[in-house]
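**Student:** Sequence plus predicted model, see below.
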Amino acid sequence: MKKVLDKLYKTNSLSKDQLIYILNNLDKSLQNYLFQLARDTTIKIYGNKVFIRGLLEYSNHCKNNCMYCGIRRDNKNVDRYRLSEEEILLSLEEGYKIGYKTFVLQGGEDLYFTDDIFESLILKIKKQFPDVAVTLSIGERSYESYDRFHRAGADRFLLRHEVANVQLYNELHPGMNFENRKNCLYNLKKIGYQEGAGFLVGLPGENNEILAENLIFLKNLAPAMVGIGPLIPHPDTPLKDEKVGSAEKTIVMLSLTRLLLPTALIPITTALNTICEDGLERGLMAGGNVVMLNLSPIYVRKKYEIYKNKETRDAHELKTIEEKAKNVGFVIDMGRGDNINFRRNEDGK
């Protein structure tokens with residue numbers, strides 16, 4: 001088994017069967033060895049830096065009905081909101097004053113935000129903050145829309161694939177289909193974004209074969225960023241009675257992703273920290289190197305409830321993050337934090 005892990009560390013590649021073998025046979029000592037290899041890989045490429053992002057949840061309206069998401073269209077208990085352009089720019093200005101050089105605009109698939117509105121917003125953000133990286137996490141759009149946003153100045157795009165098993169994906173996403181999701185991801189890559197994919201751990205019907213499929217999908221896609229988090233069932237969704245995803249398995253999948261995609265930027269997700277008190281430290285020690293802190297106005301944060309009891313890392317909590325990172329040998333980095341394959345100057349050129 002150790003030989004298989006060593007092979008993964010040296011070649012950054014394994015077959016689906018070999019990945020299933022690892023997942024079926026990973027005991028505590030081998031798990032720790034896996035974490036060590038993943039951490040060594042991160043440090044070899046990015047050093048001991050933790051890249052800090054400012055997250056702005058601009059709307060909790062969504063046209064989709066994903067079975068696990070608290071802001072799904074059919075959840076009538078959601079207190080819906082959408083931030084105005086002025087509120088968005090003021091929130092980003094506050095983050096910029098603190099020192100943030102990456103803004104992540106995240107929301108449900110809100111049809112109010114047309115291509116014209118997004119293009120105008122991106123242009124204004126880039127004009128006001130020319131040295132900042134803009135990341136969009138706004139769901140599925142056409143190639144033309146993605147290209148338009150990229151030309152306006154958007155640098156990165158997060159679109160988790162959630163699960164690479166076609167049948168399970170289609171069951172969990174009514175009215176959507178995996179083929180379109182996959183096409184969106186490849187379109188983003190073709191356009192030139194630093195794109196992010198990723199998946200949930202603990203979905204109903206999941207097994208080690210499906211988890212291995214997720215990893216193989218990521219290896220083939222080779223995204224610049226990967227987000228992995230545990231399922232946290234929301235009480236107002238069809239998956240309300242499912243178990244919470246395993247923190248341990250989430251961290252294992254993070255480490256395997258690091259070894260398969262050594263240059264990826266990998267966040268320690270809010271969901272992991274919600275179910276695991278020391279999730280940040282454990283994530284850093286297992287291959288993660290990105291943390292997102294919340295720039296959203298205080299009065300809307302509780303409304304962006306994709307799952308209950310969501311841990312909210314406030315944008316001003318840098319000292320806390322800095323201390324936690326320092327305790328496990330890492331330092332925070334407030335720069336743009338581009339993927340090493342997309343490095344550019346701090347002025348954005």
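**Tutor:** Nice, thanks for sending it over.

**Student:** which SSE is Tyr169 in?
**Tutor:** helix 166-172 (DSSP states H and E).

**Student:** what's the helix or strand just after that helix packed up against?
**Tutor:** Heading C-terminal from helix 166-172, the first helix or strand you meet, by DSSP H and E, is helix 178-191. In terms of contacts (3 or more C-beta pairs under 8 Å, 6 or more residues apart in numbering; DSSP states H and E), helix 178-191 is packed against helix 143-152, helix 166-172, strand 194-201, helix 208-221. Backbone N, C-alpha and C define where each C-beta goes, glycine included.

**Student:** rewinding a little: CA atoms only: put the helix holding Tyr169 into CSV for me.
**Tutor:** C-alpha atoms of helix 166-172 as CSV (Å, rounded to 0.1, in the frame of the first residue of the first chain):
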residue,chain,number,x,y,z
VAL,A,166,-23.6,10.9,-14.3
GLN,A,167,-26.6,9.0,-12.7
LEU,A,168,-26.0,10.4,-9.2
TYR,A,169,-25.4,13.9,-10.5
ASN,A,170,-28.6,13.9,-12.5
GLU,A,171,-30.7,12.5,-9.6
LEU,A,172,-29.4,15.2,-7.2
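
**Student:** quick one, which of the helices and strands packed on helix 178-191 is nearest to Lys240?
**Tutor:** Closest of the helices and strands packed on helix 178-191 to Lys240 is helix 166-172, at 13.8 Å (criterion: C-beta to C-beta).

**Student:** For the closest one, buried residues please.
**Tutor:** Using 16 or more other C-beta atoms under 10 Å as the test for burial, helix 166-172 gives 168-170, 172.

**Student:** next one: stretch 132-144
**Tutor:** Under the neighbour-count criterion of 16+ other C-beta under 10 Å, stretch 132-144 has 132-141 buried.

**Student:** Farthest-apart pair in these, please.
**Tutor:** Val132 and Glu140 (25.0 Å).

**Student:** what's near enough to touch Lys324?
**Tutor:** Contacts of Lys324 were listed using C-beta atoms under 8 Å, 6 or more residues apart in numbering, and they are 280-281.

**Student:** could you give the mean pLDDT of the strand or helix carrying it?
**Tutor:** In the assignment (DSSP H and E), Lys324 maps to helix 318-327. In this model, helix 318-327 has a mean pLDDT of 96.

**Student:** and Leu56, how many neighbours does it have?
**Tutor:** 23 (other C-beta atoms under 10 Å).

**Student:** same check, this time on Arg148
**Tutor:** That count, for Arg148 with other C-beta under 10 Å as the rule, works out to 18.

**Student:** on that earlier part again, show me what counts as buried in the helix holding Lys324.
**Tutor:** Result for helix 318-327 [16+ other C-beta under 10 Å]: buried residues 318, 321, 324-325.

**Student:** Just the CA trace of it, in PDB.
**Tutor:** Below are the C-alpha coordinates for helix 318-327, written out as PDB (Å, rounded to 0.1, in the frame of the first residue of the first chain):
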ATOM      1  CA  LEU A 318      -7.200  37.600   9.900                       C
ATOM      2  CA  LYS A 319      -5.400  37.500  13.200                       C
ATOM      3  CA  THR A 320      -7.300  34.300  14.200                       C
ATOM      4  CA  ILE A 321      -6.500  32.600  10.900                       C
ATOM      5  CA  GLU A 322      -2.900  33.800  11.100                       C
ATOM      6  CA  GLU A 323      -2.500  32.300  14.600                       C
ATOM      7  CA  LYS A 324      -4.100  29.000  13.600                       C
ATOM      8  CA  ALA A 325      -1.900  28.800  10.500                       C
ATOM      9  CA  LYS A 326       1.200  29.700  12.400                       C
ATOM     10  CA  ASN A 327       0.500  26.900  14.900                       C
END
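
**Student:** residues making contact with the longest helix along the chain?
**Tutor:** Ordering each helix of the chain by length in residues (DSSP state H) puts helix 28-46 first. With contact meaning C-beta under 8 Å, 6+ apart, helix 28-46 is reached by 1-2, 5-6, 8-9, 22, 26, 248, 251-252, 254-256, 258-259, 262-263, 266, 284-289, 340.
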